Every structure is written in structure tokens, then in C-alpha cells.
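A.B. asks: My questions are about this predicted structure, shown below with the sequence.
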There are 2 protein chains.
Amino acid sequence: MEKPKLYILKIGGNVIDDPDKLDSFLKSFALVDEAKILVHGGGKIASTISKELGIVPNMLDGRRITDAETLKVVTMVYGGLINKNIVAKLQSQGCNAIGLTGTDANMLPAQKRPVKDIDYGFVGDIEEDKINPITLSLFLENGLCLVIAPLTHDGQGNMLNTNADTIASVLAVALSGNYDVSLIYCFEKAGVLKDVNDDSSLIETISALEYEVLKKDGIINEGMIPKLDNAFEALKKGVKSVQIIHADAIKEFNNHSKPRGTELYLTI
Amino acid sequence: MEKPKLYILKIGGNVIDDPDKLDSFLKSFALVDEAKILVHGGGKIASTISKELGIVPNMLDGRRITDAETLKVVTMVYGGLINKNIVAKLQSQGCNAIGLTGTDANMLPAQKRPVKDIDYGFVGDIEEDKINPITLSLFLENGLCLVIAPLTHDGQGNMLNTNADTIASVLAVALSGNYDVSLIYCFEKAGVLKDVNDDSSLIETISALEYEVLKKDGIINEGMIPKLDNAFEALKKGVKSVQIIHADAIKEFNNHSKPRGTELYLTI
């Protein structure tokens, strides 16, 4: 029996921080007429509000540490301000959105990242084997569009900050038993580029083997590697299709053609 | 056929602002083993954060106006910080909580309060006739405990600030077709008091007729009148039981006896 389709899209700060871009993205997203999940990142709003609240960013080796005060801010901004405004906008477009974190309905059980070299603070690593797709499927089957903020919890009463790219791929894997999942990372470039400054250098397809070569040859921009590692991992674990596209390319969904960008394959 | 039971509890600032009180309340609430909804108010945290962000409270005739900046703060604080921390705590007590606003799944359609004498700003009046209890019932039937922040939306993409007491009573009415609803307002007093400074002056039951007399005689504290008007309205519209209790009295739920407080009746 054919599984129903499910689109999981991830947007980051470049869309969230620009009200016009966000509106335009959400209008197109609302038109996607299959089961769908939108995972959003944080954007600059959390940093701006932290600054206004006088919270000094806690950085270690160039990495942001989620201390107790920062956790409060991301819980407010990601789980409240950004999430609920996206939901209100989707509702105004006739899309029956529901805004959640990984804590709600215990969707994404996590544990505080163990301290090795660095104590990242209140950062959650998702316990993938504990994800229960039943509640997620229940929502989707009843026509709800999930809008998910990058937050999880430790089961001990604490919220945790969690990477949105990871949430998108973990959800894609967890739901791939019940759905033909298309996982789509939307960002500010046309896809994976040979030259990060030249959108015309788009690599339209990358197989797992080609990815290893591209990495080895230093052609893949370093910032893209965690995203692509996540993406290939998702394919290996049963996700049907993974694409990396420009957020504007979501418009191409309207006529049911695949949006232009980079498509990843296990074998080509 | 007997309808299933549903408890709808409302807590306000006096519980939310005190971490120990909140913990203790949530532990008892988690033990209530019927379908249940927790509606929470705001508390002082929103005012504190507004102040820290340099937002000057916009007051008119002693009433707080929800301007655009204040709307952002309440969306963050009510919908994010308070709501998600309550959910994380309930999850840690084995209660499968899901945190929502009236915007999520379009649970509580509202309209911006029309300007008559005062422009209250982004304040939402719930459109009771448009509430669809199907999604709410779906969640409850699947064992989810709803935790609801006092926010709604106008269907045009805007969040709205909405009174938590009203949300509790409107939800109670909307669900009374499918459930035997007990609506319980938890606050800092033992119930409705003859003397607001004397907890031993508790009025244990008030009928609708007695309420009119108590109001006329000036015995009911003015601040209680909107709460009680809401409560009697809910009874008239089919809610089975309405109580006003001290937040601590929730502990008495454990042995299935009714908590002590004031019980309201249409006729006695």
C-alpha cells in the first residue's frame, strides 16, 4: 500500500528575521496540500532581546552556551513569539496550524548534552529511540499542520535548546515508517554551491559517494557539513527525499513540481 | 449515556509567580486522573520583562492597554516561557501535557475588541459560536492534557491578549456538550469570602439568586464580580459544576473528594 506523502520543511533565521520574506514563504507553504510540518529556527530576535534584557552572550570557542538566562529567552522567543506568530499567519491563510515544541505531548524526548570538552549548558540531544510517532501521526491525520520550535525537554522538568536542522531530520526519520517523507531544508542560497558566492554554481544532485569526494576536496562549505551529514543520515534511515533549496523556491510547490535546489541521493 | 468527566482548572499569577507554589500545584494537578485542561494567566513576569525591555506600561483609566510591544511580550511570556515550563514540569510528573494558545488549531477564534470608550489595543473577544470542540475532544480522548495560555487570534494573522478566566469558562461551555465539565477557578483565597481579609468567612455555596443579593448588598468583593459573572454564565450554558477554591485545595483531588471552596449553583 502506498504511504501518504508528508513534507517536512525547515526554515532558519534568514526567513524568520525578514517579515516580508516570512509572509511570502508562509503564503506559499499554506498552499502545499499534503500533510506538512514546518520546523523553524531562531533568528536574530533572540539575540536582540537577550541584549535588551542585559544578558551577556556566553560564548566558548566561538560556540554559544545556553545558560539559564539564555534558556528563558529562547523558550520565550522560539516557543512563544516566533512560533505563535507563524501559527497566526498560517491560520489567516486557511492552514490549520498548531504550534508545538518537542516538549509538548512529549514529542521529542531529549537529554541535556553530556559535558565532555565543553559544557553547552541547556542544550538537548534528542533520544531518537524514544520518539513516539503515534501522536504526531494523529495530528497529521486530522489535518493539522505542525509548526515546531527548536526546543525539547529532559523529562525532569527542564526545557532544552535544540538545533532545528536536527529536529527536522529526526522527525523525518521517525515518521518515515508511516509516510513517504520529503525533507526540505530552506535557506538563503539556491542549494549546495560549488562557489558559495555564486548562486549559478548550484550542484543539482549529490549522491552519498559524491558527497564524500566533495567534502574531501574542500568544495563543500564547512558550515554546510552538519546540515548535509544530517540529511544523508535521514536518507539512510528511510526518508524518501531530501532537498536543500532557497526559501523562495517554495513557490514552485504550487504546481506540484519539485522546487529547484540540491537533491541528495544515496545512490545515483 | 453518561458523559465522561472533564476538569478545567484555571490558575493565576499568585500560583505562577511562586516557583514552589507552582511545583506543588502541578504535582497535585498531574495526579487528577480524568480528562483535564489547565488554563493559566500571566502573572508578574510579563510586567517585569516589559520593564526590563524598557516598555512603558500603557494604562488608561487604570486598565492596561495591550499595545503592539506589549502584545509581543505577552506572546513570548504567556505562550512561551510560562506555558512551556508548565508543560515540561507536567511531563516530568508523567502527565502528557501539550501547551497551546487559542490560536493553535484555531481553538479560540476571536476578534479585536471594538473601540467604544476605550481602545484596549490587541485584546481579543472570543467568538464563542465559532469554537469547534472537535479538535479539543480529539486531544482529550487521546490522553493529552491541554495547557492553555491566555492568547487568541483574529484570523487575520494577529495574536490577541485574552482574559484567562474567560478562556476557562468559554472552553467549559464549548465542551459541555461532550463532557460533564467541572470548572474550577483556583486563586489565593479559600473561595468567595464574606470578609475578604478573613479566610474563615468562606461562603461554601452560592446560588444564582443568592449571588444577586450578595452583589446588591455589597458583600461580594468588586474584583470577584467578573469571575463570578463568568462562572454563573457557564452554569447557565450547561457546565455541570463551578467552584472557586484556593490553589492549595487542589491537593484534595487525590482522594476524589471535592476540594473545599465555594461551589456555585443555579438553584439550591
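C.D. replies: Great, that's in hand. Being a predicted model, the structure only gives us computed values, none of them experimental.

A.B. asks: going forward, measure contacts between C-alpha atoms and count neighbours the same way
C.D. replies: OK.

A.B. asks: so what's the residue of the stretch 1-150 of chain A at minimum distance from chain B up against?
C.D. replies: Closest contact between the stretch 1-150 of chain A and chain B, by C-alpha to the nearest C-alpha, is at A:Gly80 (3.7 Å). When contacts are counted by C-alpha atoms under 8 Å, 6 or more residues apart in numbering or on different chains, A:Gly80 touches B:Thr75, B:Met76, B:Val77, B:Tyr78, B:Gly79, B:Gly80, B:Leu81.

A.B. asks: Only alpha carbons, please: show stretch A:25-32 as CSV.
C.D. replies: C-alpha atoms of stretch A:25-32 as CSV (Å, rounded to 0.1, in the frame of the first residue of the first chain):
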residue,chain,number,x,y,z
PHE,A,25,7.1,32.0,2.5
LEU,A,26,4.1,31.2,4.7
LYS,A,27,1.7,32.1,1.9
SER,A,28,3.3,29.5,-0.4
PHE,A,29,3.7,27.0,2.4
ALA,A,30,0.0,27.3,3.3
LEU,A,31,-0.8,26.2,-0.3
VAL,A,32,1.1,22.8,-0.1
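
A.B. asks: one step back: pLDDT wise, what is the residue of the stretch 1-150 of chain A closest to chain B at?
C.D. replies: For A:Gly80, the pLDDT comes out at 98.

A.B. asks: what kind of secondary structure is it in?
C.D. replies: helix (DSSP: H, G, I helix; E, B strand; the rest coil).

A.B. asks: State the distance from it to A:Thr101.
C.D. replies: 10 Å (C-alpha to C-alpha, to the nearest Å).

A.B. asks: which among the contacts of A:Gly80 gets closest to B:Ala247?
C.D. replies: Comparing those against B:Ala247 with C-alpha to C-alpha places B:Tyr78 closest, at 19.3 Å.

A.B. asks: just checking, that closest one touches B:Ile148?
C.D. replies: No. In terms of C-alpha atoms under 8 Å, B:Tyr78 does not count as a neighbour of B:Ile148; the distance is 9.2 Å.

A.B. asks: what's the nearest residue to the residue of the stretch 1-150 of chain A closest to chain B if we skip its chain neighbours?
C.D. replies: Excluding its sequence neighbours, the residue lying closest to A:Gly80 (C-alpha to C-alpha, 6 or more residues apart in numbering or on different chains) is B:Gly80, at 3.7 Å.

A.B. asks: Let me know the distance separating the one you found from B:Ser24.
C.D. replies: Distance, B:Gly80 to B:Ser24, using C-alpha to C-alpha: 21 Å.

A.B. asks: likewise A:Ile244?
C.D. replies: For A:Ile244, the distance to B:Ser24 - C-alpha to C-alpha - is 47 Å.

A.B. asks: again, but for A:Phe139
C.D. replies: 31 Å.

A.B. asks: Output the set of residues of the stretch 51-200 of chain A in proximity to chain B.
C.D. replies: A:52-53, A:72-73, A:75-81, A:84-85, A:87-92, A:96-100, A:103-106, A:144, A:153, A:155-159 (C-alpha under 8 Å from any C-alpha of the partner chain).

A.B. asks: Try it again at 7 Å.
C.D. replies: By the rule C-alpha under 7 Å from any C-alpha of the partner chain, the part of the stretch 51-200 of chain A lying against chain B is A:52-53, A:72, A:75-77, A:79-81, A:85, A:87-89, A:91-92, A:96-99, A:103-106, A:144, A:153, A:155-159.

A.B. asks: what sits up against stretch A:22-40?
C.D. replies: With contact meaning C-alpha atoms under 7 Å, 6 or more residues apart in numbering or on different chains, stretch A:22-40 is reached by A:5-12, A:15-16, A:90, A:93, A:95, A:140, A:145-150, A:164, A:168, A:247-248, A:250-251, A:253-254.

A.B. asks: Repeat that for stretch A:147-155.
C.D. replies: Contacts of stretch A:147-155 (C-alpha under 7 Å, 6+ apart): A:37-41, A:78-79, A:83, A:87, A:97-103, A:108-112, A:124, A:159-164, A:167, B:88, B:91-92.

A.B. asks: ok, back up a step: filter the residues of the stretch 51-200 of chain A next to chain B to the buried ones?
C.D. replies: Buried residues within these, counting neighbours by 16 or more other C-alpha atoms under 10 Å in any protein chain shown: A:53, A:72, A:75-77, A:79-81, A:85, A:87-89, A:91-92, A:96-99, A:103-106, A:144, A:153, A:155, A:157-159.
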